[in-house]
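In: Here's my sequence, what's the structure:
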Amino acid sequence: MRTFAAAMMIWGIALLPASVRAANLPDPNETQIQDIISKFAAKEADFARARGNYTYRQTARIIELDDNGNPGGRWEIVSDIVFTPDGKRTEHVVRSPVPSLQHILLTPQDEQDLREVQPFVLTTNEIPMYYIRYLGREKLDEITCYAFAVKPKKMESGKRYFEGIVWVDDKDLQIVKTYGRGEGLEKHNGENAYAKFETYREQVDGKYWFPTYTIANSNLNFKDFTQRIKETVKYEDYKQFKSDVNIKYGDVDESATKPPTPPTPPKKP
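Out: Numbering: from 1, shown residues only. Next comes the predicted model:
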């Protein structure tokens with residue numbers, strides 16, 4: 001599994017490490033950067049709306065690990081995101097074994113991150129809520145990308161935000177990967193901690209870049225102890241329930257373009 005930006009600070013980065021920068025490719029100027037942001041945000045809005053018209057299965061799993069990496073307590077839930085006969089979107093729990101976590105508890109913020117932050121989308125309406133800083137060009141497998149650091153400008157109580165890095169395909173201007181963590185205003189006194197995660201996307205039906213795999217493998221630093229966890233979320237079997245989204249820019253129909261090869265996600269357990 002390739003690791004990106006795991007050892008660097010999320011904010012205040014001047015350049016990506018030379019080992020991961022895309023060589024011999026010019027950086028866009030400031031006007032072009034703003035145009036890139038506007039275009040990928042517009043596509044994000046379309047993708048978010050399109051994903052709301054798809055059914056899929058979501059499998060989420062959290063495992064506590066000891067100092068040697070051996071698995072201990074676990075939490076798991078398998079859900080089908082489906083539609084009722086009258087067209088209402090709903091979540092149907094397929095399997096939910098009794099949790100055996102011994103050292104951590106899932107909070108409402110954790111559940112919100114699972115549903116909203118980890119499959120992060122940065123739409124046109126959300127752009128004003130974030131500082132977005134261009135970091136450089138980087139190659140993810142066969143895709144050359146623009147990398148952007150993303151950080152919320154301010155946070156409101158009860159809301160969760162993404163802070164991290166997004167990679168945007170430099171041809172079709174679509175987000176193909178995110179790395180970061182959920183953030184929000186809360187009084188926790190060292191009792192809450194959130195892991196950094198990587199979310200990979202793949203093209204569905206040849207045009208929509210939907211999240212397919214999220215992984216986090218890190219230490220949660222609490223006030224009195226540190227707990228290592230491994231979290232995985234799989235999004236599988238996307239099926240279109242109804243279609244009302246056409247992605248077009250100018251005279252170009254994005255659905256007709258040849259999709260690039262998506263980044264290879266890590267091996268799924």
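In: partners of the one helix or strand V176 maps to in the sheet?
Out: Element membership for V176, per DSSP states H and E: strand 175-183. With DSSP bridges as the test, strand 175-183 is paired with strand 161-169 (antiparallel), strand 197-204 (antiparallel).
In: Now the phi/psi pair for F222, please.
Out: Note on F222: its backbone torsions stand at phi -90, psi 180 [degrees, to the nearest 10].
In: Verify the contact between it and E191 for me.
Out: Yes. F222 lies in contact with E191 (CB atoms under 8 Å); the separation is 6.5 Å. (Each C-beta comes from the backbone N, C-alpha and C, glycine too.)
In: Low-confidence stretches in the stretch 101-250 of the chain?
Out: Flagging of the stretch 101-250 of the chain using pLDDT under 70 yields the residue ranges 187-190, 243-250.
In: if you set the cut-off to 50 instead, what comes out?
Out: Along the stretch 101-250 of the chain, the model assigns pLDDT under 50 to residues 249-250.
In: How about R95: what's its closest non-neighbour residue?
Out: Spatial nearest neighbour of R95, excluding adjacent residues (CB to CB, 6 or more residues apart in numbering): V78 at 4.2 Å.
In: Report the beta-bridge partners for that neighbour.
Out: When assigned by DSSP bridges, V78 has beta-bridge partners T59, R95.
In: Now do the same contact list for it.
Out: Listed by CB atoms under 8 Å, 6 or more residues apart in numbering, the contact set of V78 reads 57-60, 93-96.
In: Out of those, the closest to N70 would be?
Out: N70 has its nearest neighbour among those in A60, at 21.2 Å by CB to CB.
In: now the closest one: how far from A45?
Out: Separation of A60 from A45 (CB to CB, to the nearest Å): 25 Å.
In: what do you get for V233?
Out: In terms of CB to CB, V233 sits 23 Å off from A45.
In: Of the two, give the one with the bigger neighbour count.
Out: V233 (22 against 18; other CB atoms under 10 Å).
In: hang on, the more buried one is in a helix, isn't it?
Out: No. With DSSP: H, G, I helix; E, B strand; the rest coil as the criterion, V233 is strand rather than part of a helix.
In: correct me, but T124 touches K39?
Out: No. The criterion here is CB under 8 Å, and T124 misses it with K39 at 9.8 Å.
In: Can you work out which residues contact both of the two?
Out: Counting by CB under 8 Å, 6+ apart, nothing touches both T124 and K39.
In: can I get the strands paired with strand 175-183 in JSON lines with mean neighbour count?
Out: Listed next are the strands paired with strand 175-183 as JSON lines, based on neighbours: other CB atoms under 10 Å:
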{"stretch": "strand 161-169", "mean neighbour count": "24"}
{"stretch": "strand 197-204", "mean neighbour count": "22"}
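In: give me the number of residues near D205?
Out: Counted by other CB under 10 Å, the residues lying close to D205 total 14.
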